[in-house]
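[1] everything below, folded, please.
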Amino acid sequence: MKILIISDTHTDSTAKLPAEIMKAAGECDAVIHAGDIVSFKLISELMSVCSLVYPVKGNMDPYYNDERLPETRLLTFEGVKIGVAHGTGSPAGIENRLLYTFPEADIIVFGHTHKPFWGEIGGVYFLNPGSPTNKRTEPFHTYAVLTIENGTFDAEIIRIIQ
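    All right, here's what the predicted structure looks like:
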């Protein structure tokens, strides 16, 4: 199973995303968006390419407060538990705060910092895809693809070369 992981798109339409994101969405089995979507229209458009889209609410998404855009999600694919939250507050210590939110997770997917990261902290894997549209101080726009096979997993952070 391949899962496209994006966050911090800060846009109202897939037309404003790099074309590479929509291509990847069509090649993946699911999409996880870790918040700061800005407009739910973006999620609807993603669903036209990949029917399984799991977004969470970011700090820039204050007008949604229902099951379409929950603050957190706990997903399970092939026995792998994935906690999803945007993250809040200072980037310093964000991973520690998320560990308390998802004590049962194998992987925690988050955004907020716009800094791509894939690694293990405290026995849990963390995946931040960065941002495909707003790299801030990072050298590249990025996204991630998480691959799960037979209960094992790995992720790749992908640089968007424009």
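[2] what about this structure, any weak spots by pLDDT?
    For the chain, applying pLDDT under 70 flags the ranges 62, 64-65, 162.
[3] let's see it at 80
    Along the chain, the model assigns pLDDT under 80 to residues 62-66, 162.
[4] ranges for the strands of it?
    2-6, 30-33, 53-55, 72-77, 80-85, 107-109, 117-121, 124-128, 141-149, 152-160 (DSSP state E).
[5] these: which one's closest to residue 19?
    Residue 19 lies closest to strand 152-160 among these, at 9.7 Å (C-beta to C-beta). To be clear about C-beta, it is placed using only N, CA and C from the backbone, and glycine gets the same treatment.
[6] return the distance of residue 15 relative to residue 61.
    19 Å (C-beta to C-beta, to the nearest Å).
[7] more neighbours: these two, which one.
    The neighbour count for residue 15 versus residue 61, taken as other C-beta atoms under 10 Å, is higher for residue 61 (20 against 10).
[8] I'd say that one and residue 36 touch.
    Yes - counting by C-beta atoms under 8 Å, residue 36 is a contact partner of residue 61 at 6.5 Å.
[9] angles on the backbone of the residue nearest to residue 134 when sequence neighbours are not counted, please.
    Closest residue to residue 134 apart from its sequence neighbours, by C-beta to C-beta, 6 or more residues apart in numbering: residue 10 at 5.2 Å. The phi/psi pair for residue 10 (degrees, to the nearest 10) reads phi 50, psi 50.
[10] so residue 21 makes contact with residue 14?
    Yes - assessed by C-beta under 8 Å, residue 21 is found in contact with residue 14 at 7.5 Å.
[11] thought the residue nearest to residue 134 was touching residue 133?
    Yes - using C-beta under 8 Å, residue 10 is in contact with residue 133, at 6.0 Å.
[12] let me see the contact set for residue 155.
    Counting by C-beta atoms under 8 Å, 6 or more residues apart in numbering, residue 155 touches 5, 107, 118, 125, 127, 144-147.
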